[in-house]
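In: coordinates only, sequence not included:
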C-alpha cells in the first residue's frame, strides 16, 4: 500500500506542476492573442471557427480517453494481462484516428452549411472567413486526438511525465504563432499555430509510448472483444460528456447575437476561470482515475468511496476561496493580464463581467469532473448520460433567458448553474451506488470553508479597492493589487482553517511534499 501511495503522491505532484505550467502558458497564450487582436471581430471569427473542430474532438474522442479506454486497459493490467492491454491499445488508437479523419473530412465538405447555422448573426464576409479557418482547424482534432489516445495509454500504465509535457508544447506553438506571425498574417496564422501545436502534442509523447512496448500496426481489430467493449462504452460516454461541450457550443451560438467582442470576452473569462480548475482539481481527478479504475476491477468499493470523498473535500477546500477570489478580483486580474494593445478598458469590463458569473460554477465543474470519472471507472455509462441530458436541457433554457438579461454574463451564469446541477445529480446517484460518500466529513469541510472565506473576502476586496480605486487600466497597479490581495487573503483563509483544525490543510501539503502517509 505504501508504494501505491507513493505513486499517487508523486504523480499528483508531477501533474499538479505540469497542469499549473500548462494553465500559465494557456493564460500567456490568451494574453498574447488579446494583445494582438483585443476583442475585434477577427478574433470572434476565430473563436467561432474553433468551436466545431473542438466539438469533434471532444464528442468523438475525449469520452474514450477519459472514460471508456482507461478502465478497459486498467482492468487487463490489474489482472497482469499486459500483452492483451497493448493489443487493445494499438487497435483502439488506429480506430480512433480513422474515425477522426473521416469526421474531419465530412465537416470539411459541409463547412459552409453549418457555419451559416452557428454564425447566423454575422456578415457574409465573416462567414467566408470562418469557413476557411474551420477547414484549417479540422486538422487539429486528428493530431490532438491521437495525442489524447496516447495520454490514455500512458495513464493506464501510470506513466505521467511525457503526457505532462504535451500541453506545454501545444500552448507554446500557439503562443509563437500569435506573437510572431499573427500580427502580419492575422487569424490564419493563429489557426496554423493550433495545428502545429497539435502535432507537437502527439510527437513529444511517442518515445514514452514506445517504451511501454507499443508498436504501430495496421489492424483496426473491429472483431476484437476488447475494442468492441471500448466502443460500447464510448458512445454513451461521449454523449454524457457532451453536456459540457454542448454548453460551450450553445454559448457560442447565442453569443453571435451579441455585439462583436462579447464571444471573445466570454472565452477570455472562461480561460481565467479554468486556472484553479486546471492547476488542482482536474489534475487530482486525472491522477486518481486509473487507480479508481483498478479498484473497480478488483471490487474495492470502500477504497473508491474514500478516494472520492477525499477528492471532493479537497476540491471544496481549494475552490470555495478560489471562486470568491475570482469574483472579487475579476477587474484587476483581467486588467493586469490583458489590458494592453487592442485590449482596452471596455474589453476589461466585458471580460471581468463574465468572469464573475463563471466563478460561481467552479466547485460544480470540479465535482462533475471527478464524479463522472468514478462512474466510468465503475463502467456505468448510462447514469451520467441520463443526467447530462437533463443538464443540457436546463442549460439551454437558462442561457436563452439569461443572455437577454445579462448578455455574456448570462451565458456564463447559465453554464455555472448547469455545472452545479450536474454535480448535485451525479453525487446523489453515486451515493446510492457506493453506499454513501462520507457525507458528514464533506459537510464539515464545507462549513469550515465558508467560515474561512468570510474574513478572506473582506481583506481581499479591501486591498483591491484600496490599491486600484476601481481603475480599469492595466500596468503595475492592478498586478500589485492582485498579488497582495491573493497573498493576504490566502494567508487569512489558511490561518482560519488551521484554527478550525481543518484536516484538508495537511492533506494539500502532503500532496505538495509527496507525503505518502497522508494521501
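Out: Looks like it arrived, so ask away. All values derive from a computational prediction rather than experimental measurement. Numbers count the residues shown, from 1 in each chain.
In: for the stretch 251-400 of the chain, what spans make up the helices?
Out: In the stretch 251-400 of the chain, the segments counted as helices under DSSP state H, counting those that start in this stretch are 262-276, 282-298, 301-328, 330-338, 345-358, 362-377, 382-406.
In: Residue 218: which of those is closest?
Out: Distance to residue 218, taken as C-beta to C-beta, is lowest for helix 282-298 among the helices of the stretch 251-400 of the chain, at 28.0 Å. For every residue, glycine as well, the C-beta is placed using N, CA and C.
In: quick one: average pLDDT of the closest one?
Out: In this model, helix 282-298 has a mean pLDDT of 80.
In: which helices and strands does that helix pack with?
Out: Using 3 or more C-beta pairs under 8 Å, 6 or more residues apart in numbering; DSSP states H and E, the elements in contact with helix 282-298 are helix 2-37, helix 70-78, helix 140-156, helix 301-328, helix 362-377.
In: need the helix or strand of this structure with the lowest average pLDDT.
Out: The weakest-scoring helix or strand in the chain, judged by mean pLDDT, DSSP states H and E, is helix 63 (a mean of 53).
In: need the helices for the stretch 101-250 of the chain, in chain order.
Out: With DSSP H, counting those that start in this stretch as the criterion, the stretch 101-250 of the chain has helices at 124-137, 140-156, 161-176, 182-185, 187-203, 206-211, 225-255.
In: possible to save these as CSV with mean neighbour count and mean pLDDT?
Out: Listed next are the helices of the stretch 101-250 of the chain as CSV, based on neighbours: other C-beta atoms under 10 Å; pLDDT from 0 to 100:
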stretch, mean neighbour count, mean pLDDT
helix 124-137, 19, 88
helix 140-156, 26, 85
helix 161-176, 21, 87
helix 182-185, 15, 88
helix 187-203, 22, 93
helix 206-211, 15, 89
helix 225-255, 20, 73
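In: in stretch 106-117, what's buried?
Out: Buried residues in stretch 106-117, counted by 16 or more other C-beta atoms under 10 Å: 107, 111, 115.
In: Out of these, which sit inside strands?
Out: Under the assignment DSSP state E, the buried residues of stretch 106-117 contribute nothing to strands.
In: Need the helices of the stretch 101-250 of the chain in JSON lines (columns: distance to residue 397).
Out: Formatted as JSON lines, the helices of the stretch 101-250 of the chain follow (distance: least, C-beta to C-beta, whole Å):
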{"stretch": "helix 124-137", "distance to residue 397": "27"}
{"stretch": "helix 140-156", "distance to residue 397": "29"}
{"stretch": "helix 161-176", "distance to residue 397": "34"}
{"stretch": "helix 182-185", "distance to residue 397": "38"}
{"stretch": "helix 187-203", "distance to residue 397": "33"}
{"stretch": "helix 206-211", "distance to residue 397": "44"}
{"stretch": "helix 225-255", "distance to residue 397": "10"}
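In: now for the ones you listed, which one comes closest to residue 100?
Out: Residue 100 lies closest, by C-beta to C-beta, to one member of these: helix 140-156, at 4.6 Å.
In: any idea which of the buried residues of stretch 106-117 is closest to residue 207?
Out: Ranked by distance to residue 207 (C-beta to C-beta), these are led by residue 107 at 31.6 Å.
In: who's in contact with the closest one?
Out: By C-beta atoms under 8 Å, 6 or more residues apart in numbering, the contact set of residue 107 is 52, 53, 56, 114, 134, 138.
In: Quick check: phi and psi at residue 158.
Out: Dihedral angles of residue 158 (phi, psi; degrees, to the nearest 10) stand at phi 60, psi 40.
In: From residue 142, how far off is the nearest residue to it once chain neighbours are set aside?
Out: Spatially, and ignoring its direct neighbours in sequence, residue 158 is nearest to residue 290 (5.8 Å; C-beta to C-beta, 6 or more residues apart in numbering). Distance of residue 290 to residue 142, given as C-beta to C-beta, to the nearest Å: 25 Å.
In: which of the buried residues of stretch 106-117 lies closest to residue 501?
Out: Nearest to residue 501 among those is residue 107, at 55.0 Å by C-beta to C-beta.
In: do you know how far that closest one is from residue 49?
Out: In this structure, residue 107 and residue 49 are 11 Å apart, going by C-beta to C-beta.
In: Between these two, which contacts overlap?
Out: residue 134.
In: and residue 470, what helix or strand is that in?
Out: Here residue 470 is covered by no helix or strand, with elements defined by DSSP states H and E.
In: Return the residues in contact with the nearest residue to it once chain neighbours are set aside.
Out: In space, and not counting its chain neighbours, residue 470 is closest to residue 331: 7.8 Å by C-beta to C-beta, 6+ apart. Shown in contact with residue 331 (C-beta under 8 Å, 6+ apart): 348, 349, 352, 468, 470, 472, 478.
In: what's near enough to touch the fourth one?
Out: By that I understand residue 468. 331, 332, 335, 477, 478, 481.
In: Just the buried residues of stretch 79-99, please?
Out: For stretch 79-99, burial by neighbour count (16+ other C-beta under 10 Å) applies to 84-97, 99.
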